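Visitor: let's see this in three dimensions:
(chains A, B and C)
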Amino acid sequence: MQFHNYVGSEGDDSSPSDYDWNTDDELEVFGIPPSDPTISSQESCEDSVGESSASCSSAKHSKLIHLFVGMGFSRETVIKAIDENGRDNEEDIMEALLTLTAEKPLTVEKDEALSVLVNMGYPFEEALTAIDKCGPKAHISELADFISASQLEKGLHSPQESPNNKHDASDYTHEKPCQPSGEYYLHTSKKVKLGLGIFNEASQVISRKFPREVANKPYFYFENVALAPKGVWKTISRFLYEIEPEYVDSKYFCAATRKRGYIHNLPTHNRSPLLPIPPLTIQEAFPTTKKWWPSWDRRTKLNCLLTRVAPGPVTERIRKLLEKFGDEPPLHVQENVLVEIRKWNLVWVGKNKLAPLEPDEYEMLLGFPRDHTRGGGVTRTERYKSLGNAFQVNTVAYHLSVLKGRFPNGINVLSLFSGIGGAEVALHRLGMMLKNVVSVEIAEVNRNIIRSWWEQTNQRGNLIEVEDVQKVSSNELSQWITKFGGFDLIIGGSPCNNISGSNRVSRHGLEGEQSSLFYEYFRIVEAVMEIQRDELL
DNA sequence: AATAGTCGGATTTTTAGG
DNA sequence: CCTAAAAATCCGACTATT
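Guide: From the prediction side, this is the model:
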């Protein structure tokens, strides 16, 4: 029953599966000479230390480059932006980068259109819907008209009439608890959730009532798997102030499915995605696989990236099977192979040859910098495990983007179940200054990864690493709060071990051994709320 | 009524490194 | 030849969706 919001009557024609770019893309991209969207976004991190380019020698310069490269811009673009704006004003550079990346012609029309529309100020989700409806080849003006029309049609009162004005009405004042009534309304833009997407037009304007205490500082953001056993999300909602989960599939943000539920008290107006928009199909994300991709494998999206990948013998078995037939295996063989392919999330890397994704491909799809989890004694198996448990950075950043303007002087973050630091990376890529980050993570390899990232990105703030969430006392919280002046954001996804459908052994629900740590999340949110409310009075 | 897909766990076998 | 680590191989249920 908690999935009642899936039942949006006519979700059919807006269903994501009928993005019909399949055929278009294949033809087009084949026709285009070697220009790889993926390579341009990845090359950057590789040799960032090699300061051989003659002109740039100062330490400040290279630090700046590193900083912005860490946010996901290509090294080339960063250098250009710094050259144009000087190295002293980081905000100007940031603006220039956003402009440059938005103007840069992308290889695929859809991405380009999306980027342009977003840059014009249209909400990301509406832009996607428009492209979905009008087709990827539609002219920008046509798409813009579509969006305006649909906004009118829905009688949207939102401040989007003048798309160029990104920052007009703020939906509420964050510093002050607005109404003394204690009632609080948050207007989500209409297409929130439904069908595990955020772009279903069947949904209506939703007003959520917040208890007064969560309408105030601090913001919190909770994440877990969407397809939990019955009742789990209802329980989670009950603890987290009766806020309805927002179900989002990360396939709208990258080339892989990732169905997750999010409960938060963030405003939802004027969200904006990270730029550049990542490749949204397998074919765009992995151009080299097109050469080997058989026509009968019609996938455009990968399935969820799990913590384990297919062992070698599986792919070898398929290869031998396929080699028995010619170019076109019989239908029943195709179907059997497809079942295995989908189950193990394989891609084509040679003639009849399949392979699981590499760890660095996981990183790319999930929005992390290349080699984020590499090195420092981290094994391959551990990388898969940590990455499989991680946030999809673009998705989370999209939600957190509303915070950017609210904390121009930096933000204090309490990050629970940090894992490999998806929340930290998301905030950083949004260009937010991280003042104080308390990061709670049980696994040593993950803490090392976060620490390493923190140092590589030249963070000027303060990172405190804590091991066990159960040992975080309210006393300790008080001390941090006093020292930092309070937390602005509490963020984390509690363990899904006993909730995930993949677990055949101990899917015991929210009360399971690991998943019950959700209550620790709740405990800490409560404690921080309590302490900071007292301090404010 | 049938199908598809899922932030996994326990155990055994193989490999890597002395 | 030994040990530790990594890879391979077992293992269904639950539910939204069609």
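
Visitor: distance of residue A:384 from residue A:409?
Guide: Distance, residue A:384 to residue A:409, by CB to CB, to the nearest Å: 38 Å. (C-beta placed from N, C-alpha, C; glycine too.)

Visitor: hang on, residue A:370 packs against residue A:360?
Guide: Yes: between residue A:370 and residue A:360 a contact is recorded at 5.7 Å, counting by CB atoms under 8 Å.

Visitor: ok, residue A:384 and residue A:409, which is more surrounded?
Guide: residue A:384 (21 against 6; other CB atoms under 10 Å).

Visitor: is it true that that one touches residue A:362?
Guide: Yes: between residue A:384 and residue A:362 there is a contact at 7.0 Å, judged by CB under 8 Å.

Visitor: pLDDT wise, what is the closest residue in space to residue A:146 that isn't next to it in sequence at?
Guide: Nearest non-adjacent residue to residue A:146, counting by CB to CB, 6 or more residues apart in numbering: residue A:130, 4.5 Å away. Residue A:130 is assigned 74 on the pLDDT scale.

Visitor: state the helix or strand in which residue A:130 lies.
Guide: Here residue A:130, judged by DSSP states H and E, is contained in helix A:124-134.

Visitor: could you export the helix or strand following that helix as CSV, CA atoms only?
Guide: Once the chain leaves helix A:124-134, the next helix or strand it forms, by DSSP H and E, is helix A:140-153. Included here for helix A:140-153 are C-alpha records, laid out as CSV according to Å, rounded to 0.1, in the frame of the first residue of the first chain:
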residue,chain,number,x,y,z
ILE,A,140,14.4,24.1,-28.5
SER,A,141,11.6,26.6,-29.1
GLU,A,142,9.2,23.8,-29.6
LEU,A,143,10.3,22.2,-26.3
ALA,A,144,10.1,25.4,-24.5
ASP,A,145,6.5,25.9,-25.8
PHE,A,146,5.6,22.5,-24.7
ILE,A,147,6.8,23.1,-21.2
SER,A,148,5.1,26.5,-20.9
ALA,A,149,1.9,24.9,-22.3
SER,A,150,2.0,22.1,-19.8
GLN,A,151,2.7,24.5,-17.0
LEU,A,152,-0.3,26.6,-18.0
GLU,A,153,-2.5,23.5,-18.4
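
Visitor: so which elements touch helix A:140-153?
Guide: helix A:109-120, helix A:124-134 (3 or more CB pairs under 8 Å, 6 or more residues apart in numbering; DSSP states H and E).

Visitor: from the centre of chain A, point out the most distant residue.
Guide: Most distant from the centre of chain A: residue A:324, at 41.6 Å, with distances by CA atoms, centre = their mean.

Visitor: how much space is there between it and DNA strand B?
Guide: 23 Å (CB to the nearest atom of the strand, to the nearest Å).

Visitor: and the pLDDT at that residue?
Guide: You'll see residue A:324 listed with a pLDDT of 94.

Visitor: and what of residue A:206?
Guide: Per-residue confidence at residue A:206 stands at 46 (pLDDT).

Visitor: is the longest helix belonging to chain A anywhere near DNA strand B?
Guide: Using DSSP state H, we find that the single longest helix of chain A is helix A:518-536. No: with CB under 7 Å from any atom of the strand as the measure, helix A:518-536 is seen stopping short of DNA strand B, the closest distance being 9.4 Å.

Visitor: alpha carbons of that helix, in CSV - could you do that?
Guide: Taking Å, rounded to 0.1, in the frame of the first residue of the first chain, the C-alpha atoms of helix A:518-536 are listed here in CSV:
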residue,chain,number,x,y,z
PHE,A,518,18.0,3.0,10.8
TYR,A,519,16.9,3.7,14.4
GLU,A,520,20.3,5.1,15.1
TYR,A,521,19.8,7.5,12.2
PHE,A,522,16.5,8.5,13.8
ARG,A,523,18.0,8.8,17.2
ILE,A,524,20.7,11.1,16.0
VAL,A,525,18.4,13.3,14.0
GLU,A,526,16.2,13.6,17.1
ALA,A,527,19.1,14.4,19.3
VAL,A,528,20.5,17.1,17.0
MET,A,529,17.1,18.6,16.6
GLU,A,530,16.6,18.7,20.3
ILE,A,531,20.0,20.2,21.1
GLN,A,532,19.9,22.8,18.4
ARG,A,533,16.4,23.9,19.3
ASP,A,534,17.5,24.5,22.9
GLU,A,535,20.5,26.4,21.7
LEU,A,536,18.4,28.6,19.6
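
Visitor: I'd say residue A:507 and residue A:496 touch.
Guide: No: Residue A:507 is beyond contact range of residue A:496, at 10.0 Å (criterion: CB under 8 Å).

Visitor: can you map out the strands along chain A?
Guide: Along chain A, counting by DSSP state E, strands occupy A:184-188, A:206-210, A:219-225, A:246-249, A:259-264, A:347-350, A:353-355, A:411-416, A:434-440, A:462-466, A:489-493.

Visitor: and residue A:413, how far from DNA strand C?
Guide: In this view, residue A:413 and DNA strand C are 31 Å apart by CB to the nearest atom of the strand.

Visitor: with residue A:358 instead?
Guide: 11 Å.

Visitor: do the same with residue A:339
Guide: Going from residue A:339 to DNA strand C by CB to the nearest atom of the strand gives 12 Å.

Visitor: same question for residue A:67.
Guide: Residue A:67 is 32 Å from DNA strand C, by CB to the nearest atom of the strand.

Visitor: residues from the stretch 301-450 of chain A in reach of DNA strand C?
Guide: Counting by CB under 7 Å from any atom of the strand, the stretch 301-450 of chain A sits next to DNA strand C at A:308, A:311, A:312, A:313, A:314, A:379, A:380, A:381, A:382.

Visitor: switch the cut-off to 6 Å
Guide: Within the stretch 301-450 of chain A, the positions adjacent to DNA strand C are A:311, A:312, A:313, A:379, A:380, A:381 by CB under 6 Å from any atom of the strand.

Visitor: surely the fifth one touches residue A:359?
Guide: Yes: under the contact definition of CB under 8 Å, residue A:380 touches residue A:359, with a separation of 6.4 Å.

Visitor: the more surrounded of the two?
Guide: Taking neighbours as other CB under 10 Å, residue A:380 and residue A:359 compare with residue A:359 leading, 21 against 12.

Visitor: which ones are touching the residue nearest to that one when sequence neighbours are not counted?
Guide: Spatial nearest neighbour of residue A:359, chain neighbours left out: residue A:383 (4.2 Å); criterion: CB to CB, 6+ apart. By CB atoms under 8 Å, 6 or more residues apart in numbering, the residues touching residue A:383 are A:359, A:362, A:373, A:374.

Visitor: for the third one, the count of nearby residues, please.
Guide: Neighbours of residue A:373 under the rule other CB under 10 Å: 30.

Visitor: that one and residue A:389 touch, don't they?
Guide: No: when contacts are counted by CB under 8 Å, residue A:373 is not listed as touching residue A:389 (11.1 Å).

Visitor: the domain parsing of chain A - what is it?
Guide: Taking automatic domain parsing as the domain assignment, the ranges for chain A are A:37-103, A:184-189+A:200-229+A:257-277+A:386-536.

Visitor: re the thing from before, the residue nearest to residue A:146 touches residue A:147, doesn't it?
Guide: Yes: using CB under 8 Å, residue A:130 makes contact with residue A:147 at a distance of 5.0 Å.

Visitor: what sits in contact with each of the two?
Guide: A:117, A:122.

Visitor: which of the two has more residues huddled nearby?
Guide: Looking at residue A:130 and residue A:147 with other CB under 10 Å, you find the greater number of neighbours at residue A:130, namely 26 against 23.

Visitor: tell me which residues in stretch A:484-494 are buried?
Guide: A:484, A:486, A:487, A:488, A:489, A:490, A:491, A:492, A:493, A:494 (16 or more other CB atoms under 10 Å).

Visitor: which among the residues you listed are in contact with DNA strand B?
Guide: Answer for the buried residues of stretch A:484-494 near DNA strand B (CB under 6 Å from any atom of the strand): A:493, A:494.
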